[in-house]
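Student: return atomic coordinates for the entry below.
(chains A and B)
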Amino acid sequence: MDRADTSARIAAVIEPFNKKAVALTDDSTFAGDLEWDSLTVMDFVAAIEDEFDIIISMNQQAEIETYGQLIDAVTKIKG
Amino acid sequence: MTDAATTPDLFSKFDGLIEQRRALLANGIEDPFNLVMEKVLSPTVAVCNGRETILLGTYNYMGMTFDPDVIAAGKKALDEFGAGTTGSRVLNGTYAGHRAVEQALCDFYGMDHAMVFSTGYQANLGIISTIAGKGDYIVLDIDSHASIWDGCKMGDAEVVPFKHNDIEAMEKRLRRIPEGAGKLVVLEGVYSMLGDIAPLKEMIAVAKAHGAMVLVDEAHSMGFIGPNGRGVAEDQGVLDQVDFVIGTFSKSVGTVGGFCVSNHPKFEILRLVCRPYVFTASLPPSVVHTAATSIRKLMHAGDKRAHLWENSRTLHAGLIARGFTLGTQTPQSAIIAVIMPDLERGAAMWEALLHEGLYVNLARPPATPAGMTLLRCSLCAEHTAEQVQTILGMFERAGKTVGII
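Tutor: Coordinates of the predicted model:
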């Protein structure tokens, strides 16, 4: 799957979770910039998983700290 | 060369918690996590700070801690087998009593195999980390107990949580697991924070449809849920679909230890490959003999079970009537969780209850779901109907003092 395409779909999923309307770059972090707690992360991961019909295991999530890393990871999982 | 000034103190990561505790205790409140039971008079009464206190937070559901037969079995074992085994189950640490308690578990659950661990925590840690390996997937409820999470963390499997008790969320995750991967679904019968039960019948059917093995932790149901006290899976008629039941001796059984029972034909090999089983000393003889005696008595405890449920219903209805917010709409187990508005008022309410002469558990994040502060009450079959009324009076007075009701 194309990275730009993935990025656009993730941007749509993230919008309702981005309560403070933080301007997102590839370097934006979920814990720091978006200030998400663990419950928000869980709901967001579920939304991403549903959007792309994939699993992002806890093991994989541990490697994803930034918006850019998420786009890369989903692109890779989708093949 | 190392520079002491720039090398971080390894304890810096605890500063937030240290400050939270300091602020809480600075108000003069008693430390809710440092209480000492000076004397224990019965399964339901102890002396704390010189004050006689009703115990409503011990998980001693069936009140077996002071059962005369259980105590006699322990004393006899101390005399005959000594204070401890000083060894691993696979070396010098398997005594007649360890075999006897495993046979008692097989008889209690009607299963072929039972393996006893030194604690319930180690049972989850050992079984989960051992059976789910690299390339396998563990699908588990997000509100799972710490010992389940730690078992996942210790193993090499891919870990995939789903929203609490959400059958559809579980199904979606199972469906997306790559073909050919091993699958373990981990559930609990009773979730100990809110005292709610799982829809095991539906969830296990979904798990089996996807070819997964199923492990159910029945720590908080043994002895009083289900026709034979085997737990929520038995109550919902699906115990025969469960591959592994995890349980503990430290709740209804009334001592300490953990176990796994199973009908898997290759189960016994776990005794050689499960590290939290192998690399620790086995339970003391007195403990396994008290446990075996207690488990056999729990097979015939119908009257106590009925009284425990009566206590649970009375406390639940009484707290609702007095305006408290509870974790469940109906009494689903012997745990009644009272939801507090925040940690400060939760701690104040906990202390007010202690001054009334009542002990409950103060539970707070990260142990609790959704950042809640809870006063968790666990009932005992030995609580009298009068004690339950006394408890309700204490809650009413403390709740008004603290301004929660």
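Student: secondary structure element holding the most centrally placed residue in chain A?
Tutor: Central residue check for chain A by CA atoms, centre = their mean: the C-alpha nearest the mean position is that of A:Leu70, 4.7 Å away. Using DSSP states H and E, A:Leu70 sits in helix A:67-78.
Student: what's in contact with that helix?
Tutor: A:1-3, A:6-7, A:10, A:14, A:24-30, A:48, A:52, A:54, A:56, A:60, A:63-64 (CB atoms under 8 Å, 6 or more residues apart in numbering or on different chains). Quick note: C-beta positions are derived from backbone N, CA and C, even for glycine.
Student: before we move on, what about stretch B:267-274?
Tutor: For stretch B:267-274, contacts defined as CB under 8 Å, 6+ apart pick out B:89-90, B:112-113, B:115, B:126-127, B:130-131, B:260, B:277-278.
Student: what about 10 Å?
Tutor: B:89-90, B:94, B:111-115, B:117, B:122-123, B:125-127, B:129-131, B:243-244, B:260-262, B:264, B:277-278 (CB atoms under 10 Å, 6 or more residues apart in numbering or on different chains).
Student: of those residues, list those near chain A.
Tutor: Checked against chain A using CB under 10 Å from any CB of the partner chain, the contacts of stretch B:267-274 give no members in range.
Student: just the buried ones from these, in ChimeraX syntax?
Tutor: The buried residues among the contacts of stretch B:267-274 can be selected in ChimeraX (16 or more other CB atoms under 10 Å in any protein chain shown) with this line:
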select /B:89,94,111,113,114,115,117,122,123,125,126,127,129,130,131,243,244,260,261,262,264,277
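Student: got the residues of the stretch 51-200 of chain B near chain A?
Tutor: Proximity of the stretch 51-200 of chain B to chain A, by CB under 10 Å from any CB, involves residues B:137-140, B:142, B:149, B:152-153, B:156-163, B:166, B:169, B:172-178.
Student: ok so, going back, so which bits of the helix holding A:Leu70 are buried?
Tutor: A:67-68, A:70-75.
Student: can you pull the contacts of B:Thr130?
Tutor: B:151, B:154-155, B:269-270, B:273-277.
Student: can we see that at 8 Å?
Tutor: Contacts of B:Thr130 by CB under 8 Å, 6+ apart are B:155, B:270, B:273-275.
Student: mark which of the contacts of stretch B:267-274 are part of helices, please.
Tutor: B:122-123, B:125-127, B:129-131, B:277-278 (DSSP state H).
Student: from chain A, how far off is B:Thr85?
Tutor: 37 Å (CB to the nearest CB, to the nearest Å).
Student: let me fix that: B:His145
Tutor: 16 Å.
Student: who's in contact with that residue?
Tutor: Here B:His145 is in contact with B:124, B:188, B:192, B:217, B:219 (CB under 8 Å, 6+ apart).
Student: a markdown table for the ones in helices among the contacts of stretch B:267-274, including pLDDT?
Tutor: Formatted as a markdown table, the ones in helices among the contacts of stretch B:267-274 follow (pLDDT from 0 to 100):
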| residue | pLDDT |
| --- | --- |
| B:Gln122 | 98 |
| B:Ala123 | 98 |
| B:Leu125 | 98 |
| B:Gly126 | 98 |
| B:Ile127 | 98 |
| B:Ser129 | 98 |
| B:Thr130 | 98 |
| B:Ile131 | 98 |
| B:Tyr277 | 98 |
| B:Val278 | 97 |
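Student: report pLDDT for the residue nearest to the centre of chain A.
Tutor: At A:Leu70, the model reports a pLDDT of 96.
Student: sorry, back to before: which one of the contacts of B:His145 sits closest to B:Ala205?
Tutor: For the contacts of B:His145, the residue nearest B:Ala205 by CB to CB is B:Glu188; the value is 17.2 Å.
Student: bridged to the closest one, which residues?
Tutor: For B:Glu188, the beta-bridge partners are B:Asp217 (DSSP bridges).
Student: that one contacts B:Val216, correct?
Tutor: Yes: counting by CB atoms under 8 Å, B:Val216 is a contact partner of B:Glu188 at 6.8 Å.
Student: which bits of the stretch 301-405 of chain B sit near chain A?
Tutor: B:370-371 (CB under 8 Å from any CB of the partner chain).
Student: in the stretch 301-405 of chain B, what residue lies closest to chain A?
Tutor: The nearest approach of the stretch 301-405 of chain B to chain A comes at B:Ala370, 6.4 Å away (CB to the nearest CB).
Student: can you classify the closest residue to B:Tyr121 other than its chain neighbours by secondary structure?
Tutor: Leaving aside its sequence neighbours, B:Tyr121 sits nearest to B:Ser147 (CB to CB, 6 or more residues apart in numbering or on different chains; 4.2 Å). Secondary structure state of B:Ser147, per DSSP: H, G, I helix; E, B strand; the rest coil, is helix.
Student: just give me the neighbour total for B:Ser147.
Tutor: For B:Ser147, the neighbour count with other CB atoms under 10 Å in any protein chain shown is 22.
Student: got the confidence number for B:Pro276?
Tutor: B:Pro276 is given a pLDDT of 97.
Student: helices or strands up against the lengthiest helix in chain A?
Tutor: What stands out as the longest helix in chain A, according to DSSP H, is helix A:38-52. Helix A:38-52 sits against helix A:3-14, helix A:67-78, helix B:167-176, with contacts defined as 3 or more CB pairs under 8 Å, 6 or more residues apart in numbering or on different chains; DSSP states H and E.
Student: now with 6 Å?
Tutor: When contacts are defined as 3 or more CB pairs under 6 Å, 6 or more residues apart in numbering or on different chains; DSSP states H and E, helix A:38-52 packs onto helix A:3-14.
Student: B:Arg313: which of the buried residues of helix A:67-78 is nearest?
Tutor: Out of these, the member with the shortest distance to B:Arg313 (by CB to CB) is A:Leu70, at 47.9 Å.
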